[in-house]
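**Q** Curious how this folds, go ahead:
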Amino acid sequence: VSSPAELLAEVRCPVRFIWGGSDPFGGADVAEPFVRQLPDAELEIWPASGHAPWIDDPELAAARVIDFLSD
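**A** Take a look at the predicted model:
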């Protein structure tokens, strides 16, 4: 494996990204191409959240993680 994209393509476990749509480092425009590199990943964009959506809404973040791990 020689590149980050090849490494991401090797990830075999399910992954859920909770991404802040107002992240100053990049919202959906950055998240979507990144997440597409993983074979079993899903993306949840929180439009009003910034770089750390779990800090913006910890209760919702916890509920979404529990939901993901319960599947």
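**Q** Please spell out which residues along stretch 12-19 are buried.
**A** For stretch 12-19, the neighbour count (16 or more other Cβ atoms under 10 Å) marks 16, 18-19 as buried. The way it works is simple: take the backbone N, C-alpha and C, and place the C-beta from them, glycine included.
**Q** okay, those in a markdown table with secondary structure next?
**A** Formatted as a markdown table, those follow (DSSP: H, G, I helix; E, B strand; the rest coil):
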| residue | secondary structure |
| --- | --- |
| 16 | strand |
| 18 | strand |
| 19 | strand |
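**Q** what residues does stretch 13-29 touch?
**A** Stretch 13-29 is contacted from outside by 30-31, 35, 38, 40-54, 56, 61, 64-65, 68, 71, using Cβ atoms under 8 Å, 6 or more residues apart in numbering.
**Q** try stretch 44-60
**A** In contact with stretch 44-60 (Cβ under 8 Å, 6+ apart) are residues 16-25, 27-28, 31, 61, 64.
**Q** Extract the C-alpha set from that stretch and format it as CSV.
**A** Extracted as CSV, the C-alpha positions of stretch 44-60 are listed here (Å, rounded to 0.1, in the frame of the first residue of the first chain):
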residue,chain,number,x,y,z
GLU,A,44,-23.8,12.5,8.2
ILE,A,45,-23.4,16.2,7.8
TRP,A,46,-24.7,18.5,10.6
PRO,A,47,-25.1,21.9,8.7
ALA,A,48,-25.0,24.1,11.8
SER,A,49,-21.9,22.4,13.4
GLY,A,50,-18.3,23.4,13.1
HIS,A,51,-15.1,21.3,13.3
ALA,A,52,-16.2,19.4,16.4
PRO,A,53,-19.9,18.5,16.0
TRP,A,54,-19.8,16.2,19.1
ILE,A,55,-19.0,19.3,21.2
ASP,A,56,-21.7,21.4,19.5
ASP,A,57,-24.4,18.8,20.4
PRO,A,58,-23.0,16.0,22.6
GLU,A,59,-26.3,14.4,23.3
LEU,A,60,-27.2,14.0,19.6
